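Student: predicted model and sequence follow; I will ask about them next.
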Amino acid sequence: MIQRPAASRPAFFGHSVSGDRAIYSFDRPCVKFSAVDPQKPPPKRIAVIAGDGIGQEVIPQALKVIRSSGADVEISEFDWGADRYLRDEMTVPPDGFAMLGRDFDAVFAGAFGDPRVKTNIHAKEILLGMRFKMDLYANVRPVRLLDAALCPLKGVEPKDVDFVVIRENTEGVYTDAGGVFKQGTPDEIAIQEDINTRKGVERIIRYAFEYCEEHPRLDGSPRGRVLMVDKSNAMTHAGGLWQRVFEEVSGEHPRITAQHMYVDAVCMQMVRDPRPFDVIVTNNMFGDIITDIAAGLQGGLGMAASGNIHPGKTSMFEPVHGSAPPIAGKDLANPCGAILTAAMMLAHLGFTREAGRIDAAVLEAVRQKKTTQDIGGTLGTREAGEWVAEIVSRH
């Protein structure tokens, strides 16, 4: 439950970091006062929530890279996470989500989850809260192989792994609808509802087709296929809705080839030969599962980026990996996923040139093995991040 702090506590802690003097505020998000150049657009405002575990290590490295890119952004950092929750039982300050949507152009999040908080309530209220209450309905996860050495499949080259999974982000079993009856007895019944609305299904399918039309592959060639993934042979009610809407929306996009596969078949195909995939659209749970499999094709969760998008509204970007408590604080975490997520966020905000330089620097780091141990390097988290930042600053 989101709790209101005592009157003596600050509503939230934030500070602004930019080329100008930072203004600290304890009762509102930071405000930067500076002369306004009428010829220059205002900087894009990014709220940063590093969160827990390795999020507190990889996000600072990604911020170094953002600053080294020269992108005209203003960064405000917030301390939402386990430490804050354990200190004052605050998960999200009052008006927190409304503040993010009102005062910022994007949110850059790290990871949430800490073994000291047994219920994980803070992670649920912060992360799922942003997705649901800010209506970030499209979870976009690019799956791109930077170097053949990172893929466990034989004979697979970077050109063979370049697809995108678009996951419905606000419905399905993640709504926490359901309940338990006669708990602790032999007659116990647990029900977990899978919520699928016409509105939710249609807008994510429509988003997938529009994404396919507007976003080319890394080599510049156009995308041309949208694959809808479900289990409609077993989940007939929800699957039937997805099937009907997919058929209707696909008819509006004759240039795009509409395809369908069951989720179990997709999982098998993904680990055998991922070449046929282009754009995949699916529900919340299936998307969660297949994107982790897909991350294995590109070097693991430490290489995976994601965005939680609502077109025209403040969107949130986060690396796919979790808080990883076993390696937290040991300078072992791979910052590439966070750095690539930062690039994805900058591209979303219109900084395509800066995003391209960051992507190129990460690619060079992988090729030269200036990375962490999980992908063949010898550097720590901080050293790997600084190496990428230095390359970005030179180009």
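Tutor: Right, received. Where do you want to start?
Student: quick one, strands of the protein?
Tutor: Secondary structure of the chain (DSSP state E): strands at 14-17, 24-25, 44-51, 73-78, 106-111, 138-144, 162-168, 178-181, 189-192, 225-230, 257-262, 279-282, 307-309, 315-317.
Student: out of the ones you listed, flag the one nearest residue 363.
Tutor: Among those, the nearest to residue 363 by CB to CB is strand 138-144 (9.7 Å). For every residue, glycine as well, the C-beta is placed using N, CA and C.
Student: helices or strands up against that closest one?
Tutor: Where contact means 3 or more CB pairs under 8 Å, 6 or more residues apart in numbering; DSSP states H and E, strand 138-144 is packed against strand 162-168, helix 198-214, helix 284-297, strand 307-309.
Student: and those: which comes nearest residue 389?
Tutor: Nearest of the helices and strands packed on strand 138-144 to residue 389, taken as CB to CB: strand 307-309 at 21.5 Å.
Student: for the closest one, which helices and strands make contact with it?
Tutor: Secondary-structure packing of strand 307-309 (3+ CB pairs under 8 Å, 6+ apart): strand 138-144, strand 315-317, helix 336-348.
Student: so which of these is nearest residue 171?
Tutor: Of all the helices and strands packed on strand 307-309, strand 138-144 sits nearest to residue 171, with 11.5 Å by CB to CB.
Student: tell me the strands beside that closest one, with direction?
Tutor: Looking at strand 138-144 with DSSP bridges, its partner strands are strand 162-168 (antiparallel), strand 307-309 (antiparallel).
Student: between the ones you listed, which one is closest to residue 352.
Tutor: The closest of these to residue 352 is strand 307-309. By CB to CB, the value is 14.7 Å.
Student: and that closest one, average pLDDT?
Tutor: Mean pLDDT, computed over strand 307-309, is 98.
Student: what's next to it, contact-wise?
Tutor: 130-131, 136-140, 169, 207, 315-318, 341, 344-345, 348 (CB atoms under 8 Å, 6 or more residues apart in numbering).
Student: in stretch 183-200, what's buried?
Tutor: Residues 194-196, 200 are the ones in stretch 183-200 that count as buried (16 or more other CB atoms under 10 Å).
Student: residues making contact with it?
Tutor: The contact list for stretch 183-200, computed with CB under 8 Å, 6+ apart, reads 137, 168, 170-173, 175, 177-182, 235, 238, 241-242, 245, 283, 285.
Student: just the buried ones from the residues you listed?
Tutor: Restricting the contacts of stretch 183-200 to buried positions leaves 137, 168, 170-172, 235, 238, 241-242, 245, 283, 285, with burial counted as 16+ other CB under 10 Å.
Student: okay if I get those residues as TSV plus distance to residue 325 and pLDDT?
Tutor: Shown next, in TSV, are those (distance: CB to CB, whole Å; pLDDT from 0 to 100):
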residue	distance to residue 325	pLDDT
137	30	98
168	29	98
170	28	97
171	29	97
172	27	96
235	34	95
238	34	96
241	39	98
242	36	98
245	40	98
283	29	98
285	24	97
